[in-house]
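Asks: Sequence unavailable; structure follows:
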Ligand code: PLP
């Protein structure tokens, strides 16, 4: 099929829940994507903060291919070595005790929410079903995850959602405290709000949430799906603050493109028992092999160190840009997740960048989001900036 035939067939048969760009991606290499007409794109999107190791990493591919030839799936009735190894590495990297693998971020959030409900139930709090979430948060599209997503546009058509969700303001501890009742079982927050506009948590806020949860005996859930796995320059964003949650949700980069997610619990929060939760595919040997190799390569390629260094470089360059162009009204972020806020919608900038071979995405209408593969170099940042400036 040629490009137009693929697009036409896609429009006919794929449910139209996305406004796709008229581009057919064909393959990738490192920091670059190539469409089916051979056009090259420098990628500062990474499949929405997924491709930490860049495209076509041979060591990652080998591990996945080897596992395909051995066994892909067995069911969770059995153990599998790569999955067990991945769980150990992930738990140790996060400072958590136990891992449940899922197939996506939204499922990791579902598991985290169920953990909180079960925790309250185990403590005899039969009506402990209330959860406090943040305005402008994003936690996923399944009904539980959507219920804690503080965005009316995503929620309204699907109401009523699950009961007992109360919203507070990000970085405003007092606004959280007033939402606590005797029915509260958890607080859920992204240490860095991604989709909501690249808002970084302030240290007193996260520390205050930790103290509040301890005092109330409720669970603190961190959604590290977008900001975790090295993206901010530490393995998990919460490590900037020295604050650990009771439950952590991860996804995206942990599978480097394969559908893998997980929720992790500390000892106290291992509230789910046999029969309480499950997934046919979650953590199958293929997913386990992918996650295991991602964690190995993070160490070997010093991904976190690179993110920290190149992230600081990007930060400096975007600061310069923000000073130079009056239409830029804000700049924020950490490591290789940064945002530039504009006075107007950034859609035309994204389009012009794309025409010149650069993939950028937004986070909200007015914010350009920079989430490149974590192997990005300073040269890649410079190359990106040349095209971005021409697109402004
Ligand atoms: N939580 C956060 C912070 C996210 O950024 C996303 C996806 O963008 C999700 C949850 C949902 O993850 P998934 O799309 O894998 O279901």
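Replies: Looks like it came in fine. All of these numbers come straight from a predicted model, not from anything done at the bench. Numbering: from 1, shown residues only.
Asks: Assign a three-state SS to residue 222, would you?
Replies: Under DSSP: H, G, I helix; E, B strand; the rest coil, residue 222 falls in the strand class.
Asks: so it bridges to which residues?
Replies: residue 189, residue 248 (DSSP bridges).
Asks: Test my guess that it contacts residue 245.
Replies: Yes. Contact criterion CB atoms under 8 Å: residue 222 and residue 245 qualify, at 3.9 Å. Placement of C-beta: from N, CA and C, glycine included.
Asks: Quickly list what's touching both of these two.
Replies: Among the neighbours of residue 222, those also in contact with residue 245 (CB atoms under 8 Å, 6 or more residues apart in numbering) are residue 238.
Asks: Pull out the buried residues from whichever helix in the chain runs longest.
Replies: Secondary structure of the chain per DSSP state H: the longest helix is helix 303-324. Of the residues in helix 303-324, 303-304, 306-308, 310-311, 313-315, 317-318, 321-322 count as buried by neighbour count, 16 or more other CB atoms under 10 Å.
Asks: name the helices or strands packed onto it?
Replies: In terms of contacts (3 or more CB pairs under 8 Å, 6 or more residues apart in numbering; DSSP states H and E), helix 303-324 is packed against strand 328-334, strand 337-342, helix 378-391.
Asks: Which single residue of the stretch 101-250 of the chain ends up nearest the ligand?
Replies: Residue nearest to the ligand within the stretch 101-250 of the chain (CB to the nearest ligand atom): residue 105, separated by 2.2 Å.
Asks: got the contact list for that residue?
Replies: 139-140, 145, 223, 225-226, 249-252, 261.
Asks: With adjacent residues omitted, what lies nearest to it?
Replies: The shortest distance from residue 105 to any non-neighbouring residue, by CB to CB, 6 or more residues apart in numbering, is to residue 251 (3.4 Å).
Asks: Kindly report the residues of this structure close to the ligand.
Replies: Proximity of the chain to the ligand, by CB under 6 Å from any ligand atom, involves residues 48, 104-106, 109, 138-140, 190, 194-195, 223, 225-226, 251, 261.
Asks: what about residue 373, how many residues close to it?
Replies: Using other CB atoms under 10 Å, residue 373 has 28 neighbouring residues.
Asks: so what's the residue lying closest to it once chain neighbours are set aside up against?
Replies: The shortest distance from residue 373 to any non-neighbouring residue, by CB to CB, 6+ apart, is to residue 54 (4.2 Å). Contact analysis of residue 54 by CB under 8 Å, 6+ apart lists 28-31, 373, 375.
Asks: so how far is residue 336 from the residue nearest to the spatial centre of the chain?
Replies: Residue closest to the average C-alpha location in the chain (CA atoms, centre = their mean): residue 226, at 1.8 Å. As judged by CB to CB, to the nearest Å, residue 226 and residue 336 stand 11 Å apart.
Asks: okay, now the domains of this structure?
Replies: Annotated domains of the chain cover 3-53+302-391, 59-300 [automatic domain parsing].
Asks: The last one: end-to-end distance?
Replies: Chord length of domain 59-300, first to last residue, is 11 Å (CA to CA, to the nearest Å).
Asks: same deal with the shortest one?
Replies: Taking CA to CA, the span from the opening residue of domain 3-53+302-391 to its closing residue is 25 Å.
Asks: for it, what is the average pLDDT?
Replies: Mean per-residue pLDDT for domain 3-53+302-391: 98.
Asks: any chance you could map the helices in the stretch 101-250 of the chain?
Replies: In order along the chain, the stretch 101-250 of the chain carries the following helices (DSSP state H, counting those that start in this stretch): 105-122, 143-147, 152-155, 173-177, 203-216.
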